[in-house]
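Novice: Give me the fold of what follows.
(2 chains)
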Amino acid sequence: MIATNVRRLAVYLLLAFVVVSGGLGWWQILDAPALNARAENPQVIAARRSAMRGTIFDAKGALLASSAVIDGVSRRTYTDAAFSHLIGYASLRFGTTGVERAYDDILTGRADPNPLRDLMNDILNRRPEPKDLTLTIDKRLQDFAAAQLGDAIGAVVAIDPRTGAILAMTSIPTFDATPISELPDPAGPAMARITGRPGNPLVDRARQGRYVPGSIMKVLTAAAALDAGAITAHTTFPDQPQQETDGFVVNGFTIREHDLRPVTPALWSLSPALQVSSNIFFAHVGLELGAQRFLEYAHRFGFCAGGSIGSGARALPVSASYVTAETDGDCGPFTDDVELASASFGQARVSVTPIQMALIAATIANDGVMPALHAVRDVRVHAADAAGGPSSAVLEESPSGDGSRVISVDAARVTRSAMVDAVEGELGRLYAGQGSVQLYGTGSDVHTAGKTGTAQRGEGQAPHSWFIGFAPAQGDAQPSIAVAVLIEGGGSGAGRAAPIGGAVMAEWLRLAGGG
Amino acid sequence: MRLTLAWRWTELRMLLPLLLLVPLGFVVTHVAEAGVLEPGPLTLAFGYVALMLVAHAILVLSGHRGDQLLLPLVGTIGGAGLVILNRLAPDVEPTQAFGLQLDVAATQLAWFAVGLVAMLAVAIGLRDDGLLRHYKYTWAAVGIGLLVLTAFLGYEVNGARLWLDLGPIAIQPGEFIKIILVVFIAGYLADNRALLTGASLRIGPIRVPPLPYLLPMLALFGLVMLIAVRQNDLGQALLLFGIFLTMLFVATGRRSYVLIGLLLFVAGSFAAYKLFPHVAARVDIWIDPFADPTNKGFQPVRGLFALARGGLFGEGLGQGLPQSIPYVHTDFIFAAVAEELGLVGAFALLALFLAFVFRGLRIAMLARDEFSALLAVGLTASLALQTLIIVAGNLKLVPLTGITLPFVSYGGSSVLASFVMVGLLLNVSHRTARAVDREQGLKDR
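Specialist: Residues are numbered from 1 along each chain as shown, chains lettered A, B, ... in the order given. Okay, the predicted model is just below:
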């Protein structure tokens, strides 16, 4: 009796040992390649410690990041703090961020852009060969943008609207990535010094900062309403002039206009309304469009979900922008018409990243097609001497991904023309003052489109200063740069952000024209 | 007194490979680590083999008739453990005792010596089972006393209050509780087996155990479990529960008891998950250690990386990174074996354990009385389940617990308790052989 039970027990225990052996086989053979490739693996860390890493160049071949193996330790150095957020760092101590993270497998050589070669390298167990990257950004424009911001906390984003290539992307305050990447031991104190400084220098305000947009949001409201047929270029709202002074009562809540002086309220259509940045006019436009269509266009423009620079596994994530309160990672519903009306001129719960706003400008500039962003132009064979510039052997070009049509050509053109008026029109100049006019006075025949924003925050906090725009914008010209400029607590958009936006565009046109 | 020699040629033959294997393990490790071969470390290796051979000689001299494969199997498993500990020694803090500073391998060897002495004392010294069987309640009282003592006077290491300070050395009474529990349950079940298997209540198709007869055992068992859970020693609680169910199954043959027990266990585990934050934390880490790979999941994640690095044939002794796992010499020694000796080596180690288990169960099957059979089953199941729980924990098949891998993990109490259990198994098989001899003698006469 007991002997029979013991025999049964033996079978059960044997089965248990078989199951355990199966588990052993799973981790040691089947799942081992995946585990061996994980970044937290101490073996990977040890290999990384001594591994060469590819070089990163700007669009013109200027050196931005390079590695040297000294005494068996791979040291990474960076040349330009204006790129610190975009490129990120590759630290033995703190891991990787930015492009360093997104392209880690390419830079270290663990992956080959060509899948077939990648497979062959894997089978033949070849030593990884690091690869180099060139960015779409011209260092000269990046440095110019950073210098324009100076000590002001904020961000500048510039995009080529035709291709989605990032032309400049800088966030202030920035940090020097070299001390946290060069050697593991001093990296800790170096990181502590950076995080101890005010203004969270590690945060990439262009990608991760979320701000109230204020009046620059009116560009989206106008474009959406035009495309949906809710308004035309000539639509007016008869009650608007009176409401400018008395206030616009929505659901019993009075929406008040900001101070329009020296302009006197009148019956305005889109162009003059955008020139003087009438809140009441755009509240009407938003209500005319309706909550559902407003949310629909917000989604089309890329709001309500996280975005990216680049695509697939090598994408740099961009924080989501929202037009309403975030609900489960999506835009929630508008609570009432008051919120819809306020969101239409960029207040209420709208929160946006500078990149999202640059994309809106780029979409208008590109006749309604929103370009797919990318910051890495190509992958190249590793150049032995980084100082000598990149190798000419290009392994892979970043696909200039197909844009997506967001609004019709007509709607984009009408919006564009209103944006040109907003910076060059009679009312626009009167309203925005001399500051904004001067930036276009480059003496050339280049015209510019744009919109300023002075985003109101809570009581006692200075408003954020915003500008979005693009150039050249005259006639049928194809714009070659779209920008978004944000200065945290910078006050009026026309006073701070607009001149920087204009200067960056002018510098780009000068650089592009001069070669 | 006349010496009754009993040659144990099989045992000797099976022990001889250790003369080659253990020193070879030490040599390979030191060549890999230092690049040169020094004679110093080899004394440990030869010391270990000598210990085994002396134990064999004492068994021979005492005329012991017990199983001849147990010692070689344990010797090989322990030898592999010593080789791995010696490889880990440079990365583990040395121990201080009696004014000496010893690395983990040397300390472990000392404990092997103590363990072998205890094993021989039990294997040879116990004339009959009376001391164990008839004083089962006394043993139970001693066990509970030890647990209570630990719960109040013990000190905590890593959040579990398991240790009792005895001056120069510290012991983990929990390691010995399982032996006492096995002895008690075997005694109780042997006395009451007829009642337990015969009368039983039926509710529909389900057979319910006759509770009144199980009560004393359940009470003791419940108390032990309560204290184990209170001391935050979940591995120990799981092990004791497994031993209890296994012995109950073997004594009664009722799968339904095991099923009811498992259901109770699942319900209890769920309640513990909801009630105790430290249990919930352990389970969450188990489900997804990669959710927090640098902090809470650090140890299990490092363990999995070690397994993956090992692959089929292993990195080779002294050439892997097992020291990257926290508490590798106690909790994750199996992962260290799997890393440096590969799937092949880890399979071999598991096969040795399985062979030991089968040998233990064979002793149970051959035993002449129910108490001896149940005792052998309980001891074998204890070592088998302990092995399975910690290995499965290393492999993320069950939540990781802090119990040791018998004969391999570093730890004096564990080594001592495991050898006492081997001693008891040897004792049972010795008495079986003697009983067979007497029956043969009677027939011959």
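
Novice: So for residue B:221, what's the nearest residue that isn't a sequence neighbour?
Specialist: Excluding the flanking residues, the one nearest residue B:221 by CB to CB, 6 or more residues apart in numbering or on different chains is residue B:244, at 5.5 Å. (Glycine included, C-beta is placed from N, CA and C.)

Novice: if I look at the one you found, how far off is residue B:374?
Specialist: 12 Å (CB to CB, to the nearest Å).

Novice: Likewise for residue A:140?
Specialist: 86 Å.

Novice: Could you check which of these two has the larger neighbour count?
Specialist: Taking neighbours as other CB atoms under 10 Å in any protein chain shown, residue A:140 and residue B:374 compare with residue B:374 leading, 27 against 17.

Novice: Quick check: that one touching residue B:185?
Specialist: Yes: at 7.4 Å, residue B:374 counts as touching residue B:185 under the criterion of CB atoms under 8 Å.

Novice: what residues do residue B:244 and residue B:374 have in common as contacts?
Specialist: residue B:185 (CB atoms under 8 Å, 6 or more residues apart in numbering or on different chains).

Novice: dump the residue contacts of the residue nearest to residue B:221.
Specialist: Counted by CB under 8 Å, 6+ apart, residue B:244 has contacts B:181, B:185, B:221, B:261.

Novice: For residue B:149, state which of those residues is nearest.
Specialist: Nearest to residue B:149 among these is residue B:181, at 16.3 Å by CB to CB.

Novice: separation between whichever residue of the stretch 301-450 of chain A sits closest to chain B and residue A:106?
Specialist: Taking CB to the nearest CB, chain B has its nearest neighbour within the stretch 301-450 of chain A at residue A:313, 17.8 Å off. Here residue A:313 is placed at a distance of 10 Å from residue A:106 (CB to CB).

Novice: Could you do residue B:319 as well?
Specialist: Taken as CB to CB, the span from residue B:319 to residue A:106 is 30 Å.

Novice: Same check on residue A:457?
Specialist: 41 Å.

Novice: Comparing the two, which residue is more hemmed in?
Specialist: Shown here are residue A:457 and residue A:106; by other CB under 10 Å, residue A:106 has more neighbours (22 against 15).

Novice: Can you name the residues of the stretch 401-515 of chain A that neighbour chain B?
Specialist: On the criterion CB under 8 Å from any CB of the partner chain, chain B has no neighbours in the stretch 401-515 of chain A.

Novice: Any stretches of the stretch 401-515 of chain A with poor pLDDT?
Specialist: A:401, A:428-445, A:514-515 (pLDDT under 70).

Novice: all strands for it, in order.
Specialist: With DSSP state E, counting those that start in this stretch as the criterion, the stretch 401-515 of chain A has strands at A:404-405, A:449-455, A:464-471, A:481-487.

Novice: just the stretch 251-400 of chain A next, same as before
Specialist: A:253-255, A:307-309, A:316-318, A:326-327, A:330-331, A:369-370, A:376-381, A:394-397.

Novice: Centre of the chain to the third one, how far?
Specialist: To tie it back to what came earlier, the one meant is strand A:316-318. 7 Å (CA atoms, centre = their mean, to the nearest Å).

Novice: mind listing what's buried in that strand?
Specialist: A:316, A:318 (16 or more other CB atoms under 10 Å in any protein chain shown).

Novice: so what strands line up beside it?
Specialist: If you go by DSSP bridges, strand A:316-318 pairs up with strand A:307-309 (antiparallel).

Novice: which SSE is residue 10 in?
Specialist: With no chain named, the answer covers chain A. Assigned by DSSP states H and E, residue A:10 falls within helix A:2-25.

Novice: Chain B, not that one
Specialist: Using DSSP H and E, residue B:10 falls in helix B:9-34.

Novice: what does the helix or strand following that helix contact?
Specialist: Helices and strands here follow DSSP H and E; after helix B:9-34, the next one along the chain is helix B:40-61. If you take CB under 8 Å, 6+ apart as the criterion, helix B:40-61 is touched by B:3, B:5-8, B:11-12, B:15, B:18-19, B:22-23, B:25-27, B:29-30, B:66, B:71, B:75, B:78-79, B:82-83, B:86, B:105-106, B:109, B:112-113, B:116, B:119-120, B:123-124, B:426.

Novice: now helix B:40-61: mean pLDDT?
Specialist: Averaging pLDDT along helix B:40-61 yields 92.

Novice: buried sites along it?
Specialist: Within helix B:40-61, the residues that qualify as buried by neighbour count (16+ other CB under 10 Å) are B:41, B:44-45, B:47-49, B:51-53, B:55-56, B:58-60.

Novice: that older thread, tabulate the strands of the stretch 401-515 of chain A in CSV, adding columns for distance to residue A:84.
Specialist: What follows is the strands of the stretch 401-515 of chain A, written out as CSV (distance: least, CB to CB, whole Å):
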stretch, distance to residue A:84
strand A:404-405, 31
strand A:449-455, 26
strand A:464-471, 22
strand A:481-487, 18
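
Novice: quick revisit: nearest to residue A:194, out of the strands of the stretch 251-400 of chain A?
Specialist: strand A:316-318 (20.2 Å).

Novice: Need the contact partners of stretch B:434-445.
Specialist: For stretch B:434-445, using CB under 8 Å, 6+ apart, the contacting residues are B:65, B:368.

Novice: sorry, back to before: including mean pLDDT, could the strands of the stretch 251-400 of chain A go into TSV?
Specialist: Output for the strands of the stretch 251-400 of chain A, formatted as TSV (pLDDT from 0 to 100):
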stretch	mean pLDDT
strand A:253-255	85
strand A:307-309	93
strand A:316-318	94
strand A:326-327	89
strand A:330-331	92
strand A:369-370	95
strand A:376-381	94
strand A:394-397	88
